[in-house]
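Asks: Next input, structure requested:
(2 chains)
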Protein chains: 2
Amino acid sequence: MKYTTQMEQAKLGRVTLAMKSVLENERISSKDLLDKMSEGKIVIPYNKLRDHKRAHGVGQGLRTKINANLGVSKTHYKIDEEWKKVEMAEEYQVASIMDLSCYGNTSDFRRKLVKSSSAIIGTVPVYDLGNDQSRDFKKMTKDDFFKIVICHAQDGVDFMTIHAGLTLKTIEAFENNPRCLSIVSRGGALLYSWMKANGAENPFYEDFPRLLDIARDYDFTLSLGDACRPGCLEDATDAAQIQELLVLGDLTQQAWEANVQVMIEGPGHMPMDQIAPNVLLAKKLCHQAPLYVLGPLVTDIAPGYDHITSAIGGAIAAQAGADFLCFVTPAEHLRLPDLSDFKEGIMASLIAAHAADISKGIPGVLDQDKHLSRERAVLNWEGMFRYSLDPVKPRLYREGSEAKIEKTCTMCGPLCSIKNMTESIFQNH
Amino acid sequence: MKYTTQMEQAKLGRVTLAMKSVLENERISSKDLLDKMSEGKIVIPYNKLRDHKRAHGVGQGLRTKINANLGVSKTHYKIDEEWKKVEMAEEYQVASIMDLSCYGNTSDFRRKLVKSSSAIIGTVPVYDLGNDQSRDFKKMTKDDFFKIVICHAQDGVDFMTIHAGLTLKTIEAFENNPRCLSIVSRGGALLYSWMKANGAENPFYEDFPRLLDIARDYDFTLSLGDACRPGCLEDATDAAQIQELLVLGDLTQQAWEANVQVMIEGPGHMPMDQIAPNVLLAKKLCHQAPLYVLGPLVTDIAPGYDHITSAIGGAIAAQAGADFLCFVTPAEHLRLPDLSDFKEGIMASLIAAHAADISKGIPGVLDQDKHLSRERAVLNWEGMFRYSLDPVKPRLYREGSEAKIEKTCTMCGPLCSIKNMTESIFQNH
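Replies: The predicted structure is shown next:
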């Protein structure tokens, strides 16, 4: 391992290969990138054991990235299906994949994923403890928590969700302020049950320096999880959530001192008007570390359409400063997503990220919109498909309609405004 | 006709049957309703010839309403399919339907729609002139424009889009400030071509009092159309759009003096950060008249997914003060929507309206979210479906999964946080 961590290299003013890759794909100067990485405002999740040439940056001034979740569960154990999702994520250039497998031998899939994908790979190691059929989760030792982290690091994972902010103090705030939907984070719920059963502090919090040593060795990025993220609108912005954020702010500074990169995970279910204040809080309390939001879902009443509820929330969050959007599929709250759900989730999330980047004025992001609109202005359908986020679906729509060989479409037919304006302006000149 | 117009009755302090219907369905006092209707801030589009008991209010302090478009075109002329859309709109309690038919004998369908639907019914009369196969649109007389409005009024239409703001002055602003996508409003493009061919002022503007006389006779609401709404992000908030809005502000005041109800139509394609300023402009320049937005679509690059791009924009617009959202379907820009597109459009738009109403604090709107989340907290699937915006799709998702008879779902299986938290808390008490 030729270097310690990307963050240390940035502080030393050295441009690594991973940074070069980011510089090739973003409109940011190397000075700006080095400065922001030194300050923790940008991370490049890139495990030292990975050896491909593509790296992705997440943080201030960069394009908003999206993450797609995949992985098997006990009741839906179809490795092939998950592998098709990996291919689809590659096809649509999704920056990050989280493998959330929570059953069976997860290591084989994870290693293969790390080897073959050009995306950032993230995991939640504690799932593997919950998944261990031979032992009761509550009887795990402190060591077990760190060992499973080392295992994931050795598999080459670039970032890991670690719920280190769910401390005894956070649990006190949680218990003093009753919620409708308790703790909805899978990893958070596991840790809660372990802490309560053992009357013990969260091992990741209690022995945070040990976690930092491992993270530094492999240079994986800590994604500090929000165990107390709200699971419904009512629970948003409550004491438990904010208490946890305060802890994450402290841990962020400790990580940076050890040159370990950090992202902060954010809500959750949340009314629209609370999103920007929450982004501000997370950014401020966690010293401008990159923010990775899980939604936010702006209503609870739309099962089957939560890719849309979270596209609304994600766009608003990214506009307010969130850097990284976790996709949500139409299957959220209902089942493990199938390939079609997976695609819908990717599209909704890419739209939210792109719309926010336009409004934030990220250089160059409006170009594709301009190209597409110029093709639309001359009713050049092939051109429109070429610049579409998904070239497949619009083509299917048009080719399935009666107007497929006409210049206009079946919506307006001869009343097409573009056709009529073109003719009218032509006749009057 | 026992009364002149709803607005006049409001000014006289009289609560009409239509107002009673609104009071039954919204949390607003009769005094507040009368005041806001007198000031033009709330409209109840309800043609005097209609005789059903349901009326819907649109405007300040009321729930955000959505409109679903339907209607046949020349290249897709399937009346039965459109009729199924009417039934679906009824099923999901869509407040408003616009019949945008632009081919064939539109009057029969329109009359039947007015008779059978409990929604507000809107149309764009000028399409019927464009649709007249016996005559060149450019050779229509001024009288023709008013005659077609009378025809729609006699058919019982509750509101009509009238592009009265596309004046010679607006056209000057349009021509002096070149656009990527010209005029994308169907009605606007027709009027532009007529005005240019005849070297004449817009008849609806030139003879606005004549339009007001007709509107007052039938008490239909004027939906003042935005012919210059942007058709792509680049064209947003340009001189033509704002010049037209200035004209609409003047016309609004004239209409109110004649006790005619008015809505203002708004954009269009627009970057996220321009939406709130545009809502402010429309509301301010048009004296707080209800705002009816067509989108806004927050990126141009997502054909096939424009129900999502407009759900993001619509939610932000409604949060900023827009009162009425026109749905957009996945088929937008590609073909006339089919029944499945129609449903997706309704759902996306209902989500946007509901999310915005929560954030605006409209009384009572959070109740459904609370109910659903309480069912989710006890993993009661039937209860969750009952409170879902669409009870059908989530049930299909669950019933198609391996976990359909289990308490949890295939996403997490035994790692379900709700299950684990319930067990953990139970064991520790």
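Asks: drop to CA atoms for contacts and neighbour counts, all remaining ones
Replies: OK.
Asks: What residues of stretch A:7-26 count as buried?
Replies: Within stretch A:7-26, the residues scored as buried using 16 or more other CA atoms under 10 Å in any protein chain shown are A:7, A:8, A:9, A:10, A:11, A:15, A:18, A:19, A:22, A:23, A:26.
Asks: Can you tell me, leaving aside adjacent residues, what's nearest to residue A:126?
Replies: Among residues not flanking residue A:126 along the chain, residue A:187 sits closest, at 6.2 Å (CA to CA, 6 or more residues apart in numbering or on different chains).
Asks: burial measure for that neighbour, as a count.
Replies: Residue A:187 has 24 neighbouring residues, counting by other CA atoms under 10 Å in any protein chain shown.
Asks: hang on, it packs against residue A:131?
Replies: No - Residue A:187 lies out of contact with residue A:131 (CA atoms under 8 Å); the separation is 11.3 Å.
Asks: can you list the residues of the stretch 101-250 of chain A near chain B?
Replies: Within the stretch 101-250 of chain A, the residues that sit near chain B (CA under 8 Å from any CA of the partner chain) are A:102, A:127, A:130-131, A:180-190, A:192-193, A:196-197, A:232-234.
Asks: Recalculate using a threshold of 7 Å.
Replies: A:130, A:180, A:181, A:183, A:184, A:185, A:186, A:189, A:193, A:232 (CA under 7 Å from any CA of the partner chain).
Asks: neighbours around residue A:297, how many?
Replies: 30.
Asks: tell me the phi and psi of it?
Replies: Note on residue A:297: its backbone torsions stand at phi -90, psi 120 [degrees, to the nearest 10].
Asks: One more: residue A:99?
Replies: For residue A:99, the backbone dihedrals (degrees, to the nearest 10) come out as phi -90, psi 110.
Asks: And for residue A:293?
Replies: phi -100, psi 140.
Asks: Bridged to it, which residues?
Replies: residue A:266, residue A:325 (DSSP bridges).
Asks: residue contacts, it?
Replies: A:265, A:266, A:267, A:322, A:324, A:325, A:326 (CA atoms under 7 Å, 6 or more residues apart in numbering or on different chains).
Asks: tell me, how many neighbours does the last one end up with?
Replies: A total of 25 residues lie near residue A:326 under the criterion other CA under 10 Å.
Asks: and it, what does it touch?
Replies: Shown in contact with residue A:326 (CA under 7 Å, 6+ apart): A:66, A:67, A:68, A:293, A:294, A:295.
Asks: got those residues as a markdown table, with pLDDT columns?
Replies: As requested, these are exported to a markdown table (pLDDT from 0 to 100):
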| residue | pLDDT |
| --- | --- |
| A:66 | 98 |
| A:67 | 98 |
| A:68 | 98 |
| A:293 | 98 |
| A:294 | 94 |
| A:295 | 90 |
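Asks: Pick out whichever of those residues sits closest to chain B.
Replies: When the contacts of residue A:326 are compared for distance to chain B (CA to the nearest CA), residue A:295 wins out at 13.1 Å.
Asks: wouldn't that closest one be in contact with residue A:265 here?
Replies: No - at 10.6 Å, residue A:295 does not count as touching residue A:265 under the criterion of CA atoms under 7 Å.
Asks: In which helix or strand does the residue nearest to residue A:126 reside?
Replies: Using DSSP states H and E, residue A:187 sits within helix A:186-198.
Asks: on that earlier part again, most neighbours, which of the residues of the stretch 101-250 of chain A next to chain B?
Replies: Busiest of those [other CA under 10 Å] is residue A:232, holding 28 neighbours.
Asks: wait, what's in contact with the residue lying closest to that one once chain neighbours are set aside?
Replies: Distances taken as CA to CA, 6+ apart put residue A:269 closest to residue A:232, at 4.9 Å, once the chain neighbours are dropped. For residue A:269, the residues meeting the contact criterion (CA under 7 Å, 6+ apart) are A:230, A:231, A:232, A:233, A:236, A:296, A:297, A:298.
Asks: per-residue confidence for residue A:269?
Replies: Here the pLDDT value assigned to residue A:269 is 98.
Asks: returning to what we had before: which of the contacts of residue A:293 has the most neighbours?
Replies: residue A:322 (34 neighbours).
Asks: quick one: what helix or strand has it in it?
Replies: Going by DSSP H and E, residue A:322 is not in any helix or strand.
Asks: Could you pull up phi and psi at the residue nearest to it when sequence neighbours are not counted?
Replies: Among residues not flanking residue A:322 along the chain, residue A:291 sits closest, at 5.0 Å (CA to CA, 6+ apart). Dihedral angles of residue A:291 (phi, psi; degrees, to the nearest 10) stand at phi -110, psi 130.
Asks: returning to what we had before: next one: the residue nearest to residue A:232 from residue A:39, what distance?
Replies: Distance, residue A:269 to residue A:39, by CA to CA, to the nearest Å: 30 Å.
Asks: low-confidence ranges in chain A?
Replies: Chain A contains residues with pLDDT under 70 at A:1-3, A:428-429.
Asks: picking up where we left off before, around the residue nearest to residue A:322, count how many other residues there are.
Replies: 29.
Asks: For it, which residues are in contact?
Replies: Here residue A:291 is in contact with A:263, A:264, A:265, A:266, A:322, A:323, A:324 (criterion: CA under 7 Å, 6+ apart).
Asks: Any chance you could list what contacts the helix holding residue A:187?
Replies: Contact partners of helix A:186-198, identified using CA under 7 Å, 6+ apart, comprise A:126-127, A:138, A:163, A:183, A:201-202, A:227, B:415-417, B:420-421, B:424.
Asks: same thing but 8 Å
Replies: A:124, A:126-127, A:130, A:137-139, A:163, A:166, A:171, A:183, A:200-202, A:226-228, B:412, B:415-418, B:420-421, B:424-425, B:428 (CA atoms under 8 Å, 6 or more residues apart in numbering or on different chains).
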